[in-house]
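Peer 1: Sharing a sequence plus its predicted fold:
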Amino acid sequence: MFESLSDRLNSVFKKIKGHGRLDEKNIQDGMREVRLALLEADVNFKVVKEFTDKVGARCLGQDVLGSLTPGQQVIKIVHDEMIDLLGGETQDLALKGKPAVVMLVGLQGSGKTTTAAKLALYLRRRKISPYLVPADVYRPAAIDQLHTLAKQLDIPAYPSTSDANPVDICERAIEAAREQSRSVVLLDTAGRLHIDETLMAELGAIKEKCKPGEILFVADAMTGQDAVTVAKSFDDQLDVTGVVLTKMEGDARGGAALSIRSVTGKPIKFVGVGEKLSDIEVFHPDRVVSRILGMGDILTLIEKAKTTMDADEAEKLGKKFQRAEFDFEDFRTQMRRMKKLGSLEGVLKLIPGMGKITEKLGEIKMPDKEMARVEAIISSMTMRERRDPTLFNAGRRQRVAKGSGTSIQEVNQLVKNFDQMKKMMKKMMAGGKMPKAPALPGGMPGMPGAGRDMKPGGTAAVRSATKKKKLRKKKKRRR
């Protein structure tokens, strides 16, 4: 979402770094570029003015002008002020009461129902027992949608009916949650296409009767500045406690995220980053700013990795690797875990200094499609074949190729690369000379043919380099 803003800001910082010493004119020119970058990202113009004024004033201080590295000092100031703009500290849910009540509000289509299910899964992973309450009796199939999601997650939901009063539904649901010893009640309230008195009166009545500890305004980040305006209206009438921004994985310019905290004074608590029910993250202002400024976000990457593998599994797998006893079943399991982290490009952006790696790779493609092809080949094997790759004869390979929709050559390449990898690891563990490693696109062993785009000769640049090397060898022989 912040890619265009990140690119613009990084180009500004490069210009600032290019000046050996900074003066007032350099800083003013830099702040003008920053102002344009933020406005293009759809950030509220008042927020932009306040932000650039603060940054400009700090940059004109002696700590920058007298510094040996003024460019780095400016980046640090922008970093600090942007964190402050986004609220400074991370704020999680304030769960008070037995049960604690969390009320979700917002316009129709903003993603309240899906967000309710995502929050329920988030809470359960923290060993908190949630209870879902469908209180939207107006939108067709809204109640059914939440019940379907609840069943998918195996989380209880109140049996609402479309002919009941939403206020009564919420009151009875809280009593039912108390009887079932559930810790948190999530109220999925109705929305409208626009703000009206009827909607606000109903939400106000639910607030008065149920006394929620958290009132979360759910906003679609794709709507830009309109989300900020609507959030202000809801806050004026309901006094919301926090904001959840959905569809942050989209191609919106990110202005809502940078404006909403400053305009409403209410913190962004969560962001939806995908369509899966697990795709919700706590909003960390410092991490978001690091991503915007191209500094990566290694903490989020570590947290994502922890959700896909526990310490015991990691230790067992580590011992297998040390003994070079890993097999195709282990390999497929790790590939699936990697997919849960997101695309390889997305993972690279979280690693400091790797955000621009896709641009530097040029024509070379990320191996996401190759990973899918490899997984198809492994899945076409029997369990015995996955556990013991030495079983593969011509007939088995032909069967696997047909079952996975690939060629026998690709199956052969996968088996060959995997065998080479095991031999290499045995040599390493024995302390011997390490053999030549097989082609490993994206760090993944056993990609068939190294992914065509990444094997030797896969790109024009690599083919040219190989040709030059051969010519040099021929010249040496002639001499």
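Peer 2: All right, it came through fine. From a predicted model like this one, the values you see are computed outputs, not experimental measurements. Numbering: from 1, shown residues only.

Peer 1: Low-confidence bits of the stretch 51-200 of the chain, can you list those?
Peer 2: The stretch 51-200 of the chain contains residues with pLDDT under 70 at 61-71.

Peer 1: May I ask which helix or strand encompasses residue 245?
Peer 2: If you go by DSSP states H and E, residue 245 is part of strand 242-246.

Peer 1: where in the stretch 301-450 of the chain is pLDDT low?
Peer 2: Those would be 301-325, 337-369, 425-450, if you go by pLDDT under 70 across the stretch 301-450 of the chain.

Peer 1: Residues in a beta bridge with the nearest residue to residue 248 once chain neighbours are set aside, which ones?
Peer 2: Nearest residue to residue 248 in three dimensions, chain neighbours excluded: residue 271, at 4.6 Å (CB to CB, 6 or more residues apart in numbering). Using the backbone N, CA and C atoms, a C-beta is placed for each residue, glycine as well. When bridges are called by DSSP bridges, residue 271 pairs up with residue 245, residue 281.

Peer 1: tell me the domain boundaries of this protein?
Peer 2: Listed domain ranges for the chain are 3-85, 100-295, 307-451 (source: automatic domain parsing).

Peer 1: does residue 146 count as helix, strand or coil?
Peer 2: helix (DSSP: H, G, I helix; E, B strand; the rest coil).

Peer 1: Now the element after the strand holding residue 245, going C-ward?
Peer 2: Next element after strand 242-246 (DSSP H and E): helix 255-264.

Peer 1: what's next to that following helix, contact-wise?
Peer 2: Contacts with helix 255-264, where a contact means CB atoms under 8 Å, 6 or more residues apart in numbering, come from 1, 38, 41-44, 46-47, 50, 82, 85-87, 219, 221, 223-225, 227-228, 231-232, 235, 240, 243, 245, 248, 266-268, 271, 288.

Peer 1: out of the residues you listed, which are inside helices?
Peer 2: 38, 46-47, 50, 82, 85, 225, 227-228, 231-232, 235, 288 (DSSP state H).

Peer 1: helix/strand/coil for residue 113?
Peer 2: Residue 113 falls in the helix class when you classify it by three-state DSSP.

Peer 1: Please renumber the chain so that the first residue is 504 from this point on.
Peer 2: Yep, numbering from 504; the last one is residue 616 now.

Peer 1: helices and strands around the strand holding residue 748, which ones?
Peer 2: Packing contacts for strand 745-749, counted by 3 or more CB pairs under 8 Å, 6 or more residues apart in numbering; DSSP states H and E, involve helix 615-628, strand 717-723, helix 758-767, strand 771-775.

Peer 1: can you give me the angle the shortest one makes with helix 758-767?
Peer 2: I take that to be strand 771-775. If you take axes from the mean of the first three to the mean of the last three CA atoms, to 10 degrees, strand 771-775 sits at 160 degrees to helix 758-767.

Peer 1: how many neighbours does residue 924 have?
Peer 2: 18 (other CB atoms under 10 Å).

Peer 1: residues in contact with the strand holding residue 748?
Peer 2: 594, 596, 607, 613-614, 617-618, 717-724, 730, 734, 759-760, 763-764, 767, 769-775, 786.
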